[in-house]
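A structural model of the following input is requested.
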Amino acid sequence: MIEIEPVRAWGREERELPADVAAALAATGVVKVVPVDPPTRWQIETDSRVGIVVGDGWELRIRPKLAIPKLLFLLAYSLKPKGWQDAVTGMRQERDVVDALASGFAFHAGRAINQGLLRGYVAVEERRNDLRGRIRFGDQLARLPGLPLPLEVSYDDFTADIPENRLLRTAIERLLMLPRIAPQARARLLRLRAVLQEVSMLPDRRGAALPAITRLNKRYEAALVLGKLILDGTSLRQDRGRVATTSFLFDMNEVFESFLSTALREALERRAGGRVQLQYNGNYLDRGRILRLKPDITWWHGGGCRAIVDAKYKAIEDARFPNADAYQMLAYCIGFGVQRGFLVYARDSLDRSRLHEIQRHGYEIEVLALDVEQEPEELLRQVDGIAEKVTTSLPEDVIEAVAQPA
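Sure thing, here's the model as predicted:
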């Protein structure tokens, strides 16, 4: 296994690579590979994705610029605003997001299962030679007319093969397919897989929903949150041409957008009620309804859209800003009939908020920054500050309407 020296997101770094590995890496589409001094020296250019890509005999790890505990907070909060603390508490200060998630998940899953494997009732329909539960007479007559056996029956089975355990088992299998997982975490995962041997895998891993947390499965909560993150981040045997890879990747643009959407929804609904819609796509810029608008976050109150927020995880010293993002937000404001739009960045070279007043038409675009390197409590206070700006920037008549019960 060729272990390529890790690279950082949003960077360009040179590495010594065999030509076939460089070609395979380029074929994944995860990074760009540019020849510097072929056939041995190559430049690897990364984008917003972080994690690991594994091919036939090689692996590349892409590390975030954001500290791992802060990244894990963003990930966990997006899934579970009320239960993220336990999921990230006590995690080792890993430099690698894969190692951090593997170690944390192995710890929390082990702690949950050691208290007793969760079981529950599951509805089962099957064909049997003995009677259990009740006979499904419709199926019996349709499939086995005139035959006394076997029987088409249905019953409730008290089993460990329930959604919570399936999610954990599937996450364990995903992690064990990745190379160089920390030895202690791998040993724990192997023990947990043995305990969950009777549990089946989830058929649709990326579409798996996080089970509702109740008093019965509360001890599973942290493990389920981390397991869901693992399933969301992994993609197995992703074929591009003749290259097959296993990847475990998070797109930091999506991570930041998901966090801001979740946290701002909590803050806005707590402050002023109404409802927040994410990725609303029911509006168009043109009368012909061809140019669809899809802002990240829209806040609705009193029957109308009151605010539009777009999340951007990138440095705004990019020469394309403020033009491209401002044009996009202006289109949103026009299409939704909102006077002020908000662009929220995860980092800001100018380190200050500012307001762009659009000539002639009265539209305003406010640029705000969130310092994602802050501790979780401070970061959430910053989001609450954005919610305050959103609710207090409305016209006076709208503020009065919002102040009334929705």
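
What number of residues are in the vicinity of the nearest residue to R136 once chain neighbours are set aside?
Leaving aside its sequence neighbours, R136 sits nearest to E152 (CB to CB, 6 or more residues apart in numbering; 4.5 Å). Bear in mind the C-beta positions are built from the backbone N, C-alpha and C, glycine included. Neighbourhood size, E152 [other CB atoms under 10 Å]: 19.

E152 in helix, strand or coil?
strand (DSSP: H, G, I helix; E, B strand; the rest coil).

Begin at 14 from now on, thanks
Yes, from this point I'll number from 14; that puts the last item at E165.

which residues does it bridge with?
Counting by DSSP bridges, E165 is bridged to R140.

where's it relative to L157, distance?
7 Å (CB to CB, to the nearest Å).

Kindly report the same for S213.
On the measure of CB to CB, S213 and L157 end up 26 Å apart.

Kindly report the same for N230.
38 Å.

before we move on, the earlier item: between S213 and L157, point out the one with more neighbours.
Between S213 and L157, L157 has the larger neighbour count (other CB under 10 Å), namely 14 against 11.

isn't the more buried one right next to F150, touching?
No. Using CB atoms under 8 Å, L157 is not in contact with F150, being 10.8 Å away.

Point out where the chain drops to low pLDDT.
96, 102-107, 217-220, 248-257, 328-335, 361-366, 407-419 (pLDDT under 70).

Could I get the full set of helices for it?
32-40, 81-92, 97-101, 110-126, 150-156, 176-189, 196-208, 234-246, 265-285, 336-349, 389-405, 409-416 (DSSP state H).

Redo those as CSV? Include distance to D69.
What follows is those, written out as CSV (distance: least, CB to CB, whole Å):
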stretch, distance to D69
helix 32-40, 7
helix 81-92, 28
helix 97-101, 34
helix 110-126, 19
helix 150-156, 46
helix 176-189, 18
helix 196-208, 21
helix 234-246, 21
helix 265-285, 27
helix 336-349, 39
helix 389-405, 40
helix 409-416, 58
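
Quickly note the distance from the residue lying farthest from the centre of the chain to D143.
Ranking residues of the chain by C-alpha distance from their mean position (CA atoms, centre = their mean) puts G159 at the top, at 52.7 Å. The gap separating G159 from D143 is 19 Å, by CB to CB.

same deal with S61?
57 Å.

Which one's more surrounded, those two?
Neighbours were counted for S61 and for D143 using other CB under 10 Å; S61 has more, 18 against 8.

From R179, how far off is the more buried one?
31 Å.

Also Q341?
40 Å.

burial of the nearest residue to M214 once chain neighbours are set aside, as a residue count?
Closest residue in space to M214, ignoring its immediate chain neighbours: T183 at 5.0 Å, by CB to CB, 6+ apart. Other residues near T183 come to 23 when the count uses other CB under 10 Å.
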